[in-house]
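In: no sequence on hand, only this structure:
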């Protein structure tokens, strides 16, 4: 699969992305090329079947080419370094916009839980990472989901995540197989 650079720097950065439970027509293939567009801590991934995932500091902030796309999210990132230092479980509001059906600024109550140090394996390499869970809820839609992030305790780098972007889209798994330089 090719990542097509449009602007910004490119760097060697390996990542595997899978979309669970999707029909064969809309499946995102899981072999993504080693290049990613890096622009202001924002990474853009483009699959061969024209599915685009934009993420910032490990969090998906926009998608294109899915049956329901995330068009915006506020806040766009969570400071994982602060979460590592801070031992409490913060609660905040997040707002998402989707395109099918059109939803503007859907309010989500988000609670962040620190599950502590876990050892995970990515491509036969073991990492000791802090597991954070973001519990998201919208009572009006009766939608609850949990996003999982495995974060390096030293620098806050997100090595693995499972994220739910919309009620009618299956979770997206992202695994970084090689940390970017710099």
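Out: The structure has been received and is ready for your questions. Given the structure is predicted, the values throughout are model-derived calculations rather than measurements. Numbers count the residues shown, from 1 in each chain.

In: where exactly do the helices run in the chain?
Out: 80-85 (DSSP state H).

In: state the distance from the residue in it sticking out farthest from the centre to residue 108.
Out: Residue farthest from the centre of the chain, counting by CA atoms, centre = their mean, is residue 140 at 24.1 Å. Going from residue 140 to residue 108 by CB to CB, to the nearest Å gives 11 Å. For the C-beta atoms, the positions are set from N, CA and C on the backbone; glycine is no exception.

In: where in the protein is pLDDT low?
Out: Applying pLDDT under 70 to the chain flags the ranges 1-40, 76-77, 181-182.

In: I'd say residue 87 and residue 113 touch.
Out: No: Residue 87 lies out of contact with residue 113 (CB atoms under 8 Å); the separation is 11.4 Å.

In: looking at those two, which is more packed in?
Out: residue 113 (14 against 7; other CB atoms under 10 Å).

In: pull out the buried residues from whichever strand in the chain runs longest.
Out: Across the chain, the longest stretch assigned as strand under DSSP state E is strand 102-122. If you call a residue buried by 16 or more other CB atoms under 10 Å, then strand 102-122 has these buried ones: 103, 106, 108, 110, 112, 114, 122.

In: now stretch 121-132
Out: Buried-residue list, stretch 121-132, by 16+ other CB under 10 Å: 122, 129-132.

In: next: stretch 131-148.
Out: 131-132, 134-136, 138, 145, 147-148.

In: Throw those into a markdown table and include distance to residue 172, thanks.
Out: Formatted as a markdown table, those follow (distance: CB to CB, whole Å):
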| residue | distance to residue 172 |
| --- | --- |
| 131 | 17 |
| 132 | 16 |
| 134 | 14 |
| 135 | 17 |
| 136 | 14 |
| 138 | 19 |
| 145 | 12 |
| 147 | 10 |
| 148 | 11 |
